[in-house]
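Asks: Give me the fold of what follows.
(4 chains)
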Number of protein chains: 2
Amino acid sequence: MDQRLPVSGAQGDLLRLVATGKAESRADLARLSGLAASSVSLRVEELISLGLLGEEGSGTSRGGRRPRRLRLSPSAGVLAVADLGAHHARLGLLDLSGVPLVIEERPCEIARGPAATLDLLSDAFDELLAVHVPGDVPLRGVGTGIPGPVDPATRRVVTPSRMPGWNNFPVAEHLGLRYDLPILVENDANLMAAGEAKHWPGCDNLMVLKAGTGIGCGVIVNGHLHRGRGAAGDISHVRVRSDSSVLCACGHPDCLEAYASGAALMSALADSGITVARPADIVGLVNDAIPEATSLVRGAGRRIGEVLTVLVNFFNPDVIAVGGSLSAAEPLITAIRAAVYERCLPLATRDLEIAPARAGRDAALLGAGALLLEAALA
Amino acid sequence: MDQRLPVSGAQGDLLRLVATGKAESRADLARLSGLAASSVSLRVEELISLGLLGEEGSGTSRGGRRPRRLRLSPSAGVLAVADLGAHHARLGLLDLSGVPLVIEERPCEIARGPAATLDLLSDAFDELLAVHVPGDVPLRGVGTGIPGPVDPATRRVVTPSRMPGWNNFPVAEHLGLRYDLPILVENDANLMAAGEAKHWPGCDNLMVLKAGTGIGCGVIVNGHLHRGRGAAGDISHVRVRSDSSVLCACGHPDCLEAYASGAALMSALADSGITVARPADIVGLVNDAIPEATSLVRGAGRRIGEVLTVLVNFFNPDVIAVGGSLSAAEPLITAIRAAVYERCLPLATRDLEIAPARAGRDAALLGAGALLLEAALA
DNA sequence: CGCTTCATCTTCGATTTCGAAGGAAGTGGA
DNA sequence: TCCACTTCCTTCGAAATCGAAGATGAAGCG
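Replies: As a prediction, this is how the structure comes out:
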């Protein structure tokens, strides 16, 4: 397991610009890095002779000579990333541009505790590495998403629900025992947001909603993940307007989660005599035009939208991307839109786009890759 | 009216670090700028011979030789800043460190329209400059706060209430006709937030509440003012939970502003047979223990606090600073605290401070200075 | 009081970066 | 087809930056 990239200062900047896809040619690099074109040429030459960068054909002309396209060499390294769920882990390997080499899903009971879960993860990484990556290509970073809050200062899990044994566990340290590499530990919705952000070029302020069993949310401010003190992005325990009163697992009445989460919808459906195994199954019911399901989903969207009105006025994002297993239900996003556009300030909704997430189910893994790159090429 | 500072690249960075008070010595500069100590010495020498920087005694030792303290030369320049209110304008001159040279308040009816108001402002600036600034000290920037939304892209006022004739008026352009200088046009609550941020060292994420006739809010994310698309920070038109239903001026029912703004409190007091001229007078009533006033202020605080719970969970700030003319009423902030601490996630309130604003009544002017510095020394 | 230690600041040769000039490769119009 | 023009990239001397070594001044300590 190799350690640091043999790059210094300017080289790292250039490498990162190529890795993140922002630059494809020496001219791009000069524009984006602020360095002189001549300096860029020098550094790029060095990176090529180090085997980290390669030239690959030429790009499209912008009216003059065609640029010589630069790409990260496949042998520059790989990243190992995972996204832990309650019963499954999605995990895979990415190249240093964040492109997946292999991604798979394994059963993994998070309730078995941190040590067992993380060791299972590490074993899976080692397997994948052995099978899919030549021995001379180094691992450059390891990252994982956690379905609970992560303190950015200590990188420990803090007060998670549904994760027995994980409270205050030093996840990054534990992984660090096995990998002497940059290690990323981050909340799963935050990772999803980081991955989603790459799919909205030109949009610097995003809210990414994860509507699944729970309701998660990641925030991108100015192109960067906003963590606050570790809890930023939570919207699930906001009080909603309601006639009745429902007690949430957190102890407070009328949390959004108690009304609009996949879990809440499932239990409401059960009350109507319709049982489903997973939140994703609700989408099927909606597509089959089961009135109870459609009505419930629409109500959930309205409630989520009402909470979002506050946040849209306050944060004024460019985009609200809606992902998660429930997001495929058309009425959800429609109801969210209706609530937000009806109630928010015109100035705040003028250029606001509320749309389905674009990054797909591997959003969190891609986000982990994006964040790891920053650390690995620092 | 002089134009650009004769500084290039690295010099500007160093000058800015001194101006913002982040650095006081060559060693500080070396640490903060990332430049080598030797390069810093060279550049500082140049800045001193340009008359922009001066040495002034020595600082306190940190265990070794005492640093030679650097200060911006008073002749380096001044900034002209203003904060427009409905009936008054506060305006003044600052040196390039943001320290006030002179600040005064003049009557100024914003309803007379943009051209008349801005020309009155410019005339006032010219007067102050003639009286308080030697002729050889150049003006380096002009900035003003506006009691309405400002589009950061066009720097025009957009859909302001209570500002007839201002909609879509190109404020920056108009001022640019008279001053060929960096020009800042910004919402007043945003300026206040920028000023307040300087008083909370180590805190990168702030919400600054302005509780006066209306309810304004400025947001600092990662040490920088968050503008969004121009409307960011609005919390006054959020729907609050309520038994009755009150129509707000914006056309929606039950906006926070209709319940908790100074204007709303004044009209509620009038219903109790108590008439006051300005929101600030309510503070006096509270201090005199008039029960109606205290009860109203406490209710306003509770409502504001309930809105803040959503934002605290979402944004997870380090500090909520409460300013504005109503903020001197103790029950307001107490009620806000109670609502936030009761309902928010423990993780979000763990290190959260809810406190009175520290920057005083000139916060907006100081904020304008801070933002102008970035532009003037770029 | 002298000694050590520390942080600050400067000197100076080595290294890096810059920028102007020019070559290379392509587009588009006469 | 020729020619002007654009963009991309490299060459090379000038300028800026770095970093190691040393000088400076001050605090801490026996």
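Asks: which bits of chain A sit near DNA strand C?
Replies: Residues of chain A lying close to DNA strand C (CB under 7 Å from any atom of the strand) are A:9-10, A:34-39, A:42-43, A:58, A:61, A:63-66. In short, each C-beta sits where N, CA and C put it, glycine included.
Asks: next one: phi and psi at A:Ala36?
Replies: With angles defined as degrees, to the nearest 10, A:Ala36 sits at phi -70, psi 150.
Asks: Might one say that it is in contact with A:Leu29?
Replies: No - judged on CB atoms under 8 Å, A:Ala36 makes no contact with A:Leu29 at a distance of 10.7 Å.
Asks: Do you have the helices of the stretch 251-378 of chain A handy? List them.
Replies: Assigned by DSSP state H, counting those that start in this stretch, the stretch 251-378 of chain A shows helices spanning A:256-260, A:262-271, A:279-287, A:291-315, A:330-343, A:346-349, A:363-376.
Asks: now the helices: where do they sit in the stretch 51-200 of chain A?
Replies: Here the stretch 51-200 of chain A has its helices, by DSSP H, counting those that start in this stretch, at A:114-132, A:171-178, A:188-197.
Asks: Looking at these, which is nearest to chain B?
Replies: helix A:188-197 (11.8 Å; CB to the nearest CB).
Asks: what helices or strands is that closest one leaning on?
Replies: For helix A:188-197, the elements it packs on are strand A:78-84, strand A:139-146, strand A:206-211, strand A:215-221, strand A:224-225, strand A:319-323, helix A:363-376, judged by 3 or more CB pairs under 8 Å, 6 or more residues apart in numbering or on different chains; DSSP states H and E.
Asks: Which of these sits closest to chain B?
Replies: Nearest of these to chain B, taken as CB to the nearest CB: strand A:215-221 at 5.0 Å.
Asks: Now do the closest one and strand A:319-323, the angle between them.
Replies: Counting by axes from the mean of the first three to the mean of the last three CA atoms, to 10 degrees, strand A:215-221 points 150 degrees away from the direction of strand A:319-323.
Asks: and strand A:215-221, what does it pack onto?
Replies: Here strand A:215-221 touches helix A:188-197, strand A:206-211, helix A:256-260, helix A:291-315, helix B:291-315, going by 3+ CB pairs under 8 Å, 6+ apart.
Asks: Nearest to DNA strand D within the stretch 51-200 of chain A, name that residue for me.
Replies: Per CB to the nearest atom of the strand, the residue of the stretch 51-200 of chain A with the smallest distance to DNA strand D is A:Gly64, at 1.9 Å.
Asks: before we move on, the earlier item: looking at A:Ala36 and A:Leu29, which one has more neighbours?
Replies: Legend: neighbour count by other CB atoms under 10 Å in any protein chain shown for A:Ala36 and A:Leu29, higher for A:Leu29 (25 against 10).
Asks: For the more buried one, grab phi and psi.
Replies: According to degrees, to the nearest 10, A:Leu29 has phi -60, psi -40.
Asks: now it: how far from DNA strand D?
Replies: 8 Å (CB to the nearest atom of the strand, to the nearest Å).
Asks: Quick check: that residue vs chain B, distance?
Replies: 19 Å (CB to the nearest CB, to the nearest Å).
Asks: The stretch 1-150 of chain A: strands as residue ranges?
Replies: Using DSSP state E, counting those that start in this stretch, the strands of the stretch 1-150 of chain A run over A:53-58, A:68-72, A:78-84, A:88-95, A:100-107, A:139-146, A:150-151.
Asks: ranking these by mean pLDDT, which is last?
Replies: Set side by side, those give their lowest mean pLDDT on strand A:53-58, at a mean of 88.
Asks: what is the orientation angle of that one with strand A:68-72?
Replies: Using the same axes, to 10 degrees: strand A:53-58 against strand A:68-72 is 140 degrees.
Asks: list the helices and strands strand A:53-58 packs on?
Replies: For strand A:53-58, the packing partners by 3+ CB pairs under 8 Å, 6+ apart come out as helix A:37-49, strand A:68-72.
Asks: can I get the ones you listed in TSV with mean neighbour count?
Replies: Shown next, in TSV, are the helices and strands packed on strand A:53-58 (neighbours: other CB atoms under 10 Å in any protein chain shown):
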stretch	mean neighbour count
helix A:37-49	16
strand A:68-72	19
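Asks: Include distance to chain B when you put the ones you listed into a markdown table, please.
Replies: Converted to a markdown table, these look like this (distance: least, CB to the nearest CB, whole Å):
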| stretch | distance to chain B |
| --- | --- |
| helix A:37-49 | 15 |
| strand A:68-72 | 26 |
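Asks: residues in contact with A:His199?
Replies: A:Ala357, A:Arg358, A:Ala359 (CB atoms under 8 Å, 6 or more residues apart in numbering or on different chains).
Asks: Narrow those to those that are buried.
Replies: With neighbours counted by 16 or more other CB atoms under 10 Å in any protein chain shown, the contacts of A:His199 contain buried members at A:Ala357, A:Ala359.
Asks: The contacts of A:His199 also near chain B: which ones?
Replies: Applying CB under 8 Å from any CB of the partner chain, the subset of those adjacent to chain B is empty.
Asks: A:Val171: which of the contacts of A:His199 is nearest?
Replies: Among the contacts of A:His199, A:Ala359 lies closest to A:Val171 (CB to CB), at 23.7 Å.
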